[in-house]
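K.L.:
give me coordinates for this.
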Amino acid sequence: MMCPLMEGCPVHGGSQPCVLSWVRLRLPVTLNWNKIKHENIVALEDIYESPNHLYLVMQLVSGGELFDRIVEKGFYTEKDASTLIRQVLDAVYYLHRMGIVHRDLKPENLLYYSQDEESKIMISDFGLSKMEGKGDVMSTACGTPGYVAPEVLAQKPYSKAVDCWSIGVIAYILLCGYPPFYDENDSKLFEQILKAEYEFDSPYWDDISDSAKDFIRNLMEKDPNKRYTCEQAARHPWIAGDTALSKNIHESVSAQIRKNFAKSRWRQAFNATAVVRHMRKLHLGSSLDSSNAGVSSSLSLASQKDCASGALHAL
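P.N.:
Residues are numbered from 1 along each chain as shown. Below is the predicted model of the structure:
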């Protein structure tokens, strides 16, 4: 039977992957998504298949995106941000214990379970997730610009520590409303991330606690071996203690969110090949592993498998 999506695929006898066969092979076997059961993770309830389609039945979450809720609120504090990050840490720690690396944590993938004022937050979109330690070493550059860890852009082998970096970026944004790294030029943006160059700018951070800044620094640590794990982050006083302030920061944060996140480029996953091209423009060859000399030609298939921008990203 000819594959209706693309000529040839592993399931239908060809050599090239198609979306249907890739999803069928990846979800239930590689990721074991249907085995993930956590109160802060959108569940895969069931999978149904027809000759030409694969249907994924997802848990219904109706509370909307994180940013939308913050903007709509009239009162928002550090303590609110701390509570949100605690839930994310708990869920990601659960994934990491299962050997799963999300690889695309960002506010747009954090949804409220319901419209209730005290609704819990839910992690969604496992389109770029990977089982750590299964098969090839993770080195594919994928994710969303601004949230990816330096080692991902450097095309070095990486681990679950990349998720912890992303949580640090999310925490930063939740406290000021703008990203720690930004430039209209992708090459300059990637250079900032590779050097871990970010600031706690005045006046936006003047009323934010030193504890919050310390928490972020430990997650947005350039060296993945020194970076906080989810377990360490969950024990930080800003999460586990009472150092998160209760001052209303809604006006400043919501204004910055409206200003900075209307730009669609922050919502888009990037192609790994484009990253390598930008790295070459930056003359950062010394930062790349010498074994990646031929990485440009090999990333095309990798980006189809690991960074397919449509196979799972919209689920």
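K.L.:
what strand or helix carries Y182?
P.N.:
Under the criterion DSSP states H and E, no helix or strand holds Y182.
K.L.:
surely it touches L189?
P.N.:
Yes. Using C-beta atoms under 8 Å, Y182 is in contact with L189, at 6.7 Å. To be clear about C-beta, it is placed using only N, CA and C from the backbone, and glycine gets the same treatment.
K.L.:
now for these two: what residues contact both?
P.N.:
Residues touching both Y182 and L189 by C-beta atoms under 8 Å, 6 or more residues apart in numbering: G146.
K.L.:
neighbour count: the two, which is higher?
P.N.:
In this comparison of Y182 against L189, neighbours counted by other C-beta atoms under 10 Å, the higher total goes to L189 at 19 against 16.
K.L.:
report the buried residues of the longest helix along the chain.
P.N.:
Secondary structure of the chain per DSSP state H: the longest helix is helix 78-97. Applying a neighbour-count criterion of 16 or more other C-beta atoms under 10 Å, one finds 78, 80-82, 84-96 buried in helix 78-97.
K.L.:
show the subsequent helix or strand relative to it.
P.N.:
Proceeding C-terminally, helix 78-97 gives way to strand 100-101 as the next helix or strand, assigned by DSSP H and E.
K.L.:
mind listing what Y76 touches?
P.N.:
Applying C-beta under 8 Å, 6+ apart, the residues contacting Y76 are 70, 248-250, 253-254.
K.L.:
now for those: which two are most distant?
P.N.:
Spatial extent of these (C-beta to C-beta) is set by the pair I70 and N248 at 12.3 Å.
K.L.:
so which of these two has more stuff around it?
P.N.:
Counted by other C-beta under 10 Å, I70 and N248 do not tie: I70 has more neighbours, with 20 against 16.
K.L.:
right, and that one touches Q256 too?
P.N.:
No. Contact between I70 and Q256 fails when scored by C-beta under 8 Å: they sit 10.5 Å apart.
K.L.:
need the three-state assignment for the nearest residue to H236 once chain neighbours are set aside.
P.N.:
Among residues not flanking H236 along the chain, F215 sits closest, at 5.0 Å (C-beta to C-beta, 6 or more residues apart in numbering). State at F215, reduced to three classes by DSSP: H, G, I helix; E, B strand; the rest coil: helix.
K.L.:
neighbours of F215, how many?
P.N.:
Here the count is done by other C-beta under 10 Å, and F215 has 26 residues near it.
K.L.:
swap in the one 5 residues further on?
P.N.:
The number of residues packed near M220 is 24, by other C-beta under 10 Å.
K.L.:
quick one: contacts for it?
P.N.:
165, 168-169, 172, 180, 196, 198, 227.
K.L.:
which one of those is nearest E117?
P.N.:
Within those, distances to E117 taken as C-beta to C-beta reach their minimum at Y172, with 25.0 Å.
K.L.:
hmm, that closest one is touching I216, no?
P.N.:
Yes. Using C-beta under 8 Å, Y172 and I216 qualify as a contacting pair, with a distance of 5.3 Å.
K.L.:
ok so, going back, now, the contacts of M220 that are in helices?
P.N.:
Of the contacts of M220, the ones assigned to helices by DSSP H are 165, 168-169, 172.
K.L.:
which members of those are the farthest-apart pair?
P.N.:
Among the ones in helices among the contacts of M220, the pair separated by the greatest distance (C-beta to C-beta) is W165 and Y172, at 10.8 Å.
K.L.:
host element of D68?
P.N.:
Secondary-structure assignment from DSSP H and E places D68 in helix 66-72.
K.L.:
other SSEs contacting that helix?
P.N.:
Other elements packing on helix 66-72 under the criterion 3 or more C-beta pairs under 8 Å, 6 or more residues apart in numbering; DSSP states H and E are strand 110-112, helix 250-260.
K.L.:
and whichever helix or strand comes after the shortest one, what does it pack onto?
P.N.:
So the one you mean is strand 110-112. Towards the C-terminus, the helix or strand next in line after strand 110-112, according to DSSP H and E, is strand 121-123. The helices and strands touching strand 121-123, judged by 3+ C-beta pairs under 8 Å, 6+ apart, are helix 78-97, strand 110-112.
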